[in-house]
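**Q** turn this into a structure:
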Amino acid sequence: MNGILRRNVKRIIGCVTWLCCLFPIAGNNVGDSVKTVYVFDLKDEIGPATWRITQQAFQRATQLNAALIVVHMNTYGGLVDAADSISTKILHFPVPVYVFVDNNAISAGALIAVAADKIYMRTGARMGAATGVNQAGEPMSAKHQSAIRSMMRSLAKAHGMDTVINGKDTVYRWKRDPEIAQAMVGATVGITGVIDSAGVLAMTVDEAIQLGFCEGKVENIQEILALNHIENYTVTHHTLTATEKIIHFLINPYLHGLLVMLIIGGIYFELQTPGIGFPLAVSIIAALLYFAPLYLEGIASHWELALFIVGVLLIGVEIFAFPGFGIAGVSGIIMVVTGISFAMVDNIVFEWDFSAGLRAILKSVCIVAGSAAFALGLSVWLGRYFFGNTALSRVTLQTEQKSSEGYVSFDDLSGLTGAVGIARTTLRPAGKITVNGKMYDAVSEIGYIEQGETVQVIRFETGQLHVIKTHTS
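**A** Got it, this is the predicted structure:
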């Protein structure tokens, strides 16, 4: 009996020992789980494209259950509205976001960096100089500077305060001083130990560390992770899809000029040839490549695209429905140029600086007008080259129908003089008449002639029948 008891006690002790060993092992497995560190670049001008990339990167990081996001930054700034959207996204994201300033966080870049949980800077890096400027590089109005300063203050205050106990005194100190943050936009007065007088603050690495706007000097992302004791991690870099790469290529301003040339040149060549053919196809494809990326990036609006389409339709109506070139054609050209020009400019610029918006529009109009003029000139030259080139004469129609050989551009209708007919349309003064069951173009000699009234042909001149209204008894 004692032997059985001893064996059971041994078994119980063995089970307890095994369980005690098991729990620490399970705990180590949880603690040592691989962490995902998601890294994406902000190394271009801050604008709609970088805002879209930021949204995609954060979405992808969420799908991967990333433990940390690192923004690898090197930018001289860009649009304030895009920077405000990015900084808001960073500030309210549930996962920690660090910014690694690899050389520059200037202007809009500084606005984004201040929103991050931690900022690290490379040796020789700079941060600040966030004064709002227009596209000409000139400072924006005091109203807009004040708005940007308030953004910087709000972002700095959002990080809260540290409690500092010095003996019996308790002091609350901002983790990131709002006054220093707004000084990067433009200090209204000097700040002791920071900036001597009113001006714009830009900080080096050491200055940023001293003023509490940088957690440390590092040379790469691995050093950031080591300083934060992040181990057993895997780094995932955000990559652009093929579609995004194509969009970035197509929004190049130099390519815009080429696409405008193809649009205008295609329309010109189409007007010089009968029917609908290859030049029109080139123009349509160029228009799609021009508008599609601008629309996807949020730069071009619905009305600009609609204006362009209506303009093209008016030009088509003028060409195929009416003789000559009148109000519809001129209106169509104006709409096409306006639609193309305005599509280049982000409408948000007017909200910040109306004069800057006007300058941007003027610049885009000059680009479009210059490209159109060059395209027309090149089209005329190419037309003469193709039709006048001896080698190409074999594939083009060279036969001439000369008047000396009896060819005329219209039928001789002088035999209808004196004939009586009916006005099939209202003649104001031109319209249609029927004589002996056949329809002809005609011009009223005196006044308007209403549809259905009886007319008489008085002469045939310059390819037109001239008629007068007759009174039937």
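**Q** host element of residue 261?
**A** Per DSSP states H and E, residue 261 falls inside helix 253-272.
**Q** next SSE downstream of that helix?
**A** Helix 253-272 is succeeded, C-terminally, by helix 278-296 (DSSP H and E).
**Q** tell me what that next one is packed against?
**A** Under the contact criterion of 3 or more Cβ pairs under 8 Å, 6 or more residues apart in numbering; DSSP states H and E, helix 278-296 touches helix 242-250, helix 253-272, helix 302-320, helix 327-343. For every residue, glycine as well, the C-beta is placed using N, CA and C.
**Q** at 7 Å instead, please
**A** With contacts taken as 3 or more Cβ pairs under 7 Å, 6 or more residues apart in numbering; DSSP states H and E, helix 278-296 sits against helix 242-250, helix 253-272.
**Q** what's near enough to touch residue 429?
**A** By Cβ atoms under 7 Å, 6 or more residues apart in numbering, residue 429 lies in contact with 443, 444, 448.
**Q** again, but for residue 66
**A** 36, 37, 38, 95.
**Q** contacting residues around the first one?
**A** Under the criterion of Cβ under 7 Å, 6+ apart, the contact partners of residue 36 comprise 64, 65, 66, 67, 234, 236.
**Q** gap between it and residue 155?
**A** 26 Å (Cβ to Cβ, to the nearest Å).
**Q** point out where the stretch 351-473 of the chain drops to low pLDDT.
**A** By pLDDT under 70, the weakly predicted segments of the stretch 351-473 of the chain are 351-357, 359-360, 379, 382-411, 472-473.
**Q** ok so, going back, other SSEs contacting the helix holding residue 261?
**A** Using 3+ Cβ pairs under 7 Å, 6+ apart: helix 253-272 touches helix 278-296, helix 354-388.
**Q** compare the ones you listed and give me the one nearest residue 340.
**A** helix 354-388 (5.1 Å; Cβ to Cβ).
**Q** quick one: strands adjacent to the next helix or strand after that closest one?
**A** Later in the chain than helix 354-388, the nearest helix or strand by DSSP H and E is strand 420-423. Using DSSP bridges, the strands paired with strand 420-423 are strand 430-435 (antiparallel), strand 454-461 (antiparallel).
**Q** TSV for the ones you listed, including distance to residue 220?
**A** Output for those, formatted as TSV (distance: least, Cβ to Cβ, whole Å):
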stretch	distance to residue 220
strand 430-435	79
strand 454-461	88
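**Q** residue 51 is nearest to which of those?
**A** Closest approach to residue 51 among the strands paired with strand 420-423 is made by strand 430-435 (56.8 Å; Cβ to Cβ).
**Q** who does the helix or strand following the closest one pair up with?
**A** Sequence order places strand 438-444 as the next helix or strand after strand 430-435, per DSSP H and E. According to DSSP bridges, strand 438-444 has the following sheet partners: strand 430-435 (antiparallel), strand 464-469 (parallel).
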